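*Asks:* I would like to see how this sequence folds:
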Amino acid sequence: MKPALLILFLGLSLISCKDNYRQARQPVTSYDTLDVPKDVTAECIEKSKGYFKAYGCMVSSYYRVIDAKPMDVNNDALTDTLVIISPSSLNPDYPGFDYCGQDNRKLVILLNVDGKSSRVGRVYDNVICNEVSRAWGGYDTFDKKADNMVLCHDAGQGCKFEYKIYTSLVQQEFYIDSIYYYSKCPGDDLLNGNQYTLKYEERVPLEYYKRTLTNSIHKVKGI
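*Replies:* The predicted model follows:
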């Protein structure tokens, strides 16, 4: 090979190597995952094969996203996402899933990492109602108009039952400020229904809340 051609070949090879090196150095986006619970049945695991991407996170097909709310949780100027996920077995819109052994709806805090991907910041396993209803409602959703996170529950057709959990965000932690309850059935003597607000003298961490609290209020207050 002539010297001039050899120099040209080596130059092109170096350029090509540099391009490949640049491509190799490009960061590969890594997505955090909300996977199938460990103790579900083998049949449910088989039916739950596959994942879908939601709000920068990979979610097992075992779940469905019920609702989501944008919010900057960790004060880093990036919009994070509060997500409510439900096992498909608790969602009448997705038939074919029977009871899987660990059927709990969850409140998940997805923290925005870089505008493309999110990491799972926190999972609340015992906050979201597990009620199954083919009528409108039966589970919790977010109040989209509220600045802070407010969880709303609206169930029933003839008899209506509602509650709202008001929270505050303090140093990246959610605390319960108060819980509002309301119920009304046809024939009730109360014109505006039965109402009750549970207020806390001190903020209670949301992690201490149990979904069974609503049943206790039913019994004690008759709501």
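
*Asks:* can you pull out the helices in this protein?
*Replies:* Secondary structure of the chain, counting by DSSP state H: helices at 3-25, 42-47, 213-221.

*Asks:* what is the mean pLDDT for the first one?
*Replies:* It stands for helix 3-25. Helix 3-25 shows an average pLDDT of 40 in the prediction.

*Asks:* kindly report the same for stretch 87-94.
*Replies:* 73.

*Asks:* same check, this time on stretch 165-184
*Replies:* The model assigns stretch 165-184 a mean pLDDT of 93.

*Asks:* residues in contact with it?
*Replies:* Residues outside stretch 165-184 that contact it (CB atoms under 8 Å, 6 or more residues apart in numbering) are 71, 73-75, 140, 148-151, 159-164, 190, 192-200, 203-206, 209, 213-214, 217, 221, 223. Where C-beta positions appear, they are placed from N, C-alpha and C, glycine not excepted.

*Asks:* how distant is that stretch from the center of its chain?
*Replies:* Put simply, stretch 165-184 sits 17 Å off its chain's centre (CA atoms, centre = their mean, to the nearest Å).

*Asks:* ends of it, what's the gap?
*Replies:* This stretch, stretch 165-184, spans 19 Å end to end (CA to CA, to the nearest Å).

*Asks:* of all the residues in that stretch, which ones are buried?
*Replies:* Going by neighbour count (16 or more other CB atoms under 10 Å), the buried part of stretch 165-184 is 165-167, 169, 174-176, 179-184.

*Asks:* give the contact list for the most centrally placed residue in the chain.
*Replies:* Closest residue to the average C-alpha location of the chain: Val83 at 2.2 Å, with CA atoms, centre = their mean. For Val83, the contacting residues are 54-55, 65, 67-68, 107-110, by CB under 8 Å, 6+ apart.

*Asks:* how much space separates it from Ile66?
*Replies:* According to CB to CB, to the nearest Å, Val83 and Ile66 sit 8 Å apart.

*Asks:* what does Ala155 give?
*Replies:* According to CB to CB, Ala155 stands 14 Å off from Ile66.

*Asks:* now do Arg211
*Replies:* Distance from Arg211 to Ile66, by CB to CB: 14 Å.

*Asks:* next: Asp154.
*Replies:* 13 Å.

*Asks:* mutual contacts of those two, please.
*Replies:* Joint contacts of Asp154 and Ile66 (CB under 8 Å, 6+ apart) are Thr141.

*Asks:* which strand residues bridge Glu162?
*Replies:* Note on Glu162: beta-bridge partners by DSSP bridges are Asp154, Tyr182.

*Asks:* so what pLDDT did it get?
*Replies:* pLDDT for Glu162: 88.

*Asks:* equivalent analysis for Thr29, please.
*Replies:* 45.

*Asks:* cool, and Glu43?
*Replies:* Glu43 is assigned a predicted lDDT (pLDDT) of 80.

*Asks:* also the one 5 residues further on?
*Replies:* Per-residue confidence (pLDDT) for Ser48: 80.
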